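Undergrad: sequence below, structure please.
(2 chains)
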Amino acid sequence: MSAAVSADSILREMTDLWVTLGAPGKAETGMGVLRACSMTLIVVTEEGEDPVVLGETIAALMPVHPARAIILRLEGGPGRQLAAKVVAQCWMPFGQRRQICAEQIEITASETLWEDAVSTAAAIAAPDLPIIVWWRSQRADFGVLGGLATKVVVDSARGRDGKRALEQLAEAMKGGVRLADLAWTRLTLWRQMLAQVFENRHLLEQLPSISKVTVAFGGERPPASAWYMGAWLANALADASSRVSLEMKPDASGVVGQLMRVELEGASLRTELSRRDGRLVIAVGTLTQCTSLPTANDYQAMHEELGIVRQDAVFERALTTAVRG
Amino acid sequence: MSAGNPFEDPLRFERRVPECALVIFGANGDLTKRKLLPALYRLAYDRRLSAGFAVVGISRTPLSDEQFRAKMQEAVRRFSEDTEFAPDVWETFARSLFYVAGDVADLGLYRGLGQKLTEIEQTRQTGGNVLFYLSTQPSQYAPVAQGLGSAALGQNRGWRRLVVEKPFGHDLASARTLSEQLHTVFSESQVYRIDHYLGKETVQNILAFRFGNGIFEPLWNRRYVNHVQITAAESIGVEGRGSYYQEAGALADMIQNHLLQVMATIAMEPSASFRADSVRDEKSKLLRSIRPIKPDEVRENAVAGQYGPSRVGGADVAGFRQEPGVDPQSETNSYAAVTFFVDNWRWAGVPFYLRSGKRLPKRVTEIAIQFNAAPLAIFDGDTDSSGPNLLILRIQPEEGISLRFLSKRPGTGMTLRPVSMDFNYGSSFGERSPSAYETLLLDALIGDATLYTRQDMVEASWAAVEPIQNVWRETGHAFPNYAAGTWGPAESDAMLVRRGHRWRKP
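TA: Residues are numbered from 1 along each chain as shown, chains lettered A, B, ... in the order given. Here you go, the predicted structure:
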């Protein structure tokens, strides 16, 4: 731990780290290391979160999205605490002889010095590369980081009230923050399979006949993912000139907080996507297809989000509709 | 992807295969087992195939659908390099595999295939869309196309496409004849000539590098580029393909297609868009701008080589003529190096050196662009300072880009030394790259011909190498002229030295 925490001291530590790692014979193979960085990933977390689990997720993300990772941890308690640590995340690509490394900076701060920690993180972001903020804190205000970030990634599935979480996000989006939500990201596979159904020209032609959409979820209150799914379907079907009624329906046998089933019904067409024992079952009329539905954990969802640094118009439209509806 | 699908989300959804049938002629062959089925399985694993997608394998061996599926399962398990075998994915995928046995010379085969396709269209709603893939001997391309034509399978209410593997003829005349034969059934827009080199991520990255960045294109011309070297070296020999290879040789097998296509990608003018015809028009123009080598210039500008026996890495290595299936008096070139010039304003006078060979010291494919030296050498007294700027585009095995430039050596004196700035494709983008066949199959199934070779491009490539072929055919060679495990014949080095250049040792 460094006693004095400043952007300069952290940057100096990073330079020293690379000199050490690059010195002949220091790396495992003796070939030095290759430094990789395609973005800055700022992870905002709090004391209650297990640092080991989070660390493992970040370590798994680095080989696919090498980044200067800055973990900003808010630690409670009185006093003025601010500490920083610089480490390297290294991995050996399969079949290669040189390690690849990315930097990881962990800054821990108490509430009193939180703003100092944030400004330090902002100062040490890798220049000229996208800055992605992964917001895992319960704090609602993104503060300086909201304006600095190319994208702020949240997870509204972590809150109890899905609708309320989306309303807060919509407010932030209105304020100019570019957002992503892992609750939306986890729907990609569902959405993709549904889109694939309607790549069939014959089925696509029947789309305007759809009159009813049902979104079923586990638990009593719709989770954010159900609101997103309903909104996305409503938007897409409106584009296809379908006038539909949307029903949000609890599924007593479903897992709380999970999307369980989506049904599209019309005069000549019935399509259903449903979750069954780790599988996604797609039924179109009498044809049924079964595909794996891997659990979209934080790693998988972040992997997808870190691959997108552009504005996501489909998501933004779904968020707007979900809040309105 | 359907244009009017309101559920599409191009930002997140991967490109996917629409409902269609893929008919593979030569379904028992090596290419099907090693490349095509593993690539299709990977597409299934990645959920890129639609529910109605179907594969129809065709070969002479009588097999039931179940037996064919079992064979393909074995192939997928054995040859899928970086994809786990998931039984549930395989089970769904296997249900889309069908088999029709028959001889390609028998018209009854095509009637049977027609019935099978009708059946598949009805049960799997493929809309009559079919991609025919010729994974057969080249001599069967024309008979298969004509057989498909005789059963009216070349046209239908859905789309019909034909994928042809190289070689596209063995010289200009035979390439034209082949195209004419294919065109009796399929129009040129339906024909997809596959060059798996163009499906490699890093070859595609050349286009991204050149036309996605603003800083390189101004330097990309005769004013700044001194010369270009394109190397495709293999450390292995003919590996059981002796009888095929001795009919082709490095010039026809590698330079005529792969390396000239890479050269076209490096040297083409910017296209107006990334649409297939736009990109291929520019490549074609470039290939047609290659200065034809006159017969009396061949000796100066082209070198043929053949490896002799040697000892490599402590093991005895056979010479080409000692390889199984190879004529002991074979005059086939296992190495070829050619100097091409492009007669256009951008490249006039800039030599493009292309070389390819077997049994070279290592497997490497790269493009080296050497820039002109600084106009005035103000730092003297250090021999290292004469190193020219080099831009290296590495295609395999470690894909990436390096820029060599001079830097001051630490110390009180002003001495310079070359340093390298490296970009490693694998480390900056840790995601798995699709195999060339995954990319190209997906493209053909979607109808994107950007990475496929058009007839005029094939003819222009043959026109560039044919004069060399003709001279080499008429003159004898003092083969073998390089030892296995070395960088080729001395004449190849001399070819560059005459212009004041030397081959890089990648």
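
Undergrad: could you use CA atoms for every contact and neighbour count after this?
TA: Will do.

Undergrad: and the spatially closest residue to residue B:392 that is not a sequence neighbour, backbone torsions?
TA: The shortest distance from residue B:392 to any residue other than its chain neighbours is 4.5 Å, reached at residue B:368 (CA to CA, 6 or more residues apart in numbering or on different chains). When read as degrees, to the nearest 10, the backbone of residue B:368 gives phi -120, psi 120.

Undergrad: what count of nearby residues applies to residue A:62?
TA: Residues near residue A:62, counting by other CA atoms under 10 Å in any protein chain shown, number 29.

Undergrad: would you map the strands across the stretch 101-250 of chain B?
TA: Along the stretch 101-250 of chain B, the stretches classed as strands by DSSP state E, counting those that start in this stretch are B:130-134, B:160-165, B:191-194, B:225-233.

Undergrad: what is the last one packed up against?
TA: Contacting strand B:225-233 under the criterion 3 or more CA pairs under 8 Å, 6 or more residues apart in numbering or on different chains; DSSP states H and E are the following elements: strand B:352-357, strand B:364-371.

Undergrad: hmm, 10 Å instead?
TA: Using 3 or more CA pairs under 10 Å, 6 or more residues apart in numbering or on different chains; DSSP states H and E, the elements in contact with strand B:225-233 are helix B:260-267, strand B:335-340, strand B:352-357, strand B:364-371, strand B:390-396.

Undergrad: cool, and the second one?
TA: For strand B:160-165, the packing partners by 3+ CA pairs under 10 Å, 6+ apart come out as strand B:21-25, strand B:130-134, helix B:141-150, strand B:191-194, helix B:436-446.

Undergrad: report the distance from it to the chain centre.
TA: Distance of strand B:160-165 from the chain centroid (CA atoms, centre = their mean, to the nearest Å) equals 16 Å.

Undergrad: do the same with stretch B:316-331
TA: Put simply, stretch B:316-331 sits 26 Å off its chain's centre (CA atoms, centre = their mean).

Undergrad: before we move on, back to that, got the helices and strands packed on strand B:160-165 as CSV, with distance to chain A, mean neighbour count and mean pLDDT columns?
TA: Below are the helices and strands packed on strand B:160-165 laid out as CSV (distance: least, CA to the nearest CA, whole Å; neighbours: other CA atoms under 10 Å in any protein chain shown; pLDDT from 0 to 100):
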stretch, distance to chain A, mean neighbour count, mean pLDDT
strand B:21-25, 14, 24, 97
strand B:130-134, 15, 24, 97
helix B:141-150, 26, 20, 95
strand B:191-194, 23, 24, 94
helix B:436-446, 12, 21, 92
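
Undergrad: ok, which of the ones you listed comes nearest residue A:246?
TA: Nearest to residue A:246, of all the helices and strands packed on strand B:160-165, is helix B:436-446, at 33.7 Å by CA to CA.

Undergrad: the helix or strand following that closest one versus strand B:335-340: what angle between them?
TA: Later in the chain than helix B:436-446, the nearest helix or strand by DSSP states H and E is helix B:455-474. Our comparison of helix B:455-474 with strand B:335-340, counting by axes from the mean of the first three to the mean of the last three CA atoms, to 10 degrees, yields an angle of 120 degrees.

Undergrad: pull out the buried residues from helix B:455-474.
TA: Judged by neighbour count using 16 or more other CA atoms under 10 Å in any protein chain shown, the buried positions of helix B:455-474 are B:455-469, B:471-472.

Undergrad: test my guess that residue A:105 contacts residue A:121.
TA: Yes: counting by CA atoms under 10 Å, residue A:105 does reach residue A:121; the two are 8.9 Å apart.

Undergrad: name the residues contacting each of these two.
TA: Both residue A:105 and residue A:121 are contacted by A:10, A:42, A:69, A:70, A:71, A:72, under the criterion CA atoms under 10 Å, 6 or more residues apart in numbering or on different chains.

Undergrad: from those, which land in helices?
TA: residue A:10 (DSSP state H).

Undergrad: neighbour-wise, which one of the shared contacts of residue A:105 and residue A:121 leads?
TA: residue A:69 (30 neighbours).

Undergrad: quick revisit: nearest to residue A:33, of the strands of the stretch 101-250 of chain B?
TA: Of these, nearest to residue A:33 by CA to CA is strand B:225-233, at 27.0 Å.

Undergrad: strands along the stretch 1-150 of chain A, start to end?
TA: For the stretch 1-150 of chain A, the strands defined by DSSP E, counting those that start in this stretch cover A:33-35, A:39-46, A:67-75, A:82-91, A:99-110, A:131-135.

Undergrad: the helix or strand containing residue A:202 vs chain B: in contact?
TA: Per DSSP H and E, residue A:202 falls inside helix A:201-205. Yes: Helix A:201-205 is in contact with chain B by CA under 10 Å from any CA of the partner chain, via A:201, A:202, A:204, A:205.

Undergrad: the following helix or strand past that helix - contacts with which helices or strands?
TA: Remark: after helix A:201-205, the chain's next helix or strand is strand A:210-218, criterion DSSP H and E. Strand A:210-218 sits against helix A:224-239, strand A:245-251, strand A:259-266, strand A:270-276, with contacts defined as 3+ CA pairs under 10 Å, 6+ apart.

Undergrad: contacts for the last one, please.
TA: The reference is to strand A:270-276. A:190-191, A:193-194, A:197, A:203, A:210, A:212-216, A:254, A:258-265, A:280-290, A:292-293.

Undergrad: are any of the residues you listed buried, and if so which?
TA: A:190-191, A:193-194, A:197, A:210, A:212-216, A:254, A:258-265, A:280-284, A:290, A:292.

Undergrad: tell me the residue of the stretch 51-200 of chain B that sits nearest chain A?
TA: Residue of the stretch 51-200 of chain B nearest chain A, by CA to the nearest CA: residue B:51 (6.8 Å).

Undergrad: quick one on the thing from earlier: in the shared contacts of residue A:105 and residue A:121, find the pair that's most separated.
TA: A:10 and A:42 (14.9 Å).

Undergrad: okay, now the closest residue to chain B within chain A: neighbour count?
TA: Residue nearest to chain B within chain A (CA to the nearest CA): residue A:64, separated by 3.8 Å. For residue A:64, the neighbour count with other CA under 10 Å is 19.

Undergrad: returning to what we had before: how about the strands of the stretch 1-150 of chain A in CSV, adding distance to residue B:58 and mean pLDDT?
TA: Converted to CSV, those look like this (distance: least, CA to CA, whole Å; pLDDT from 0 to 100):
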stretch, distance to residue B:58, mean pLDDT
strand A:33-35, 48, 78
strand A:39-46, 49, 95
strand A:67-75, 49, 93
strand A:82-91, 45, 87
strand A:99-110, 46, 89
strand A:131-135, 51, 96
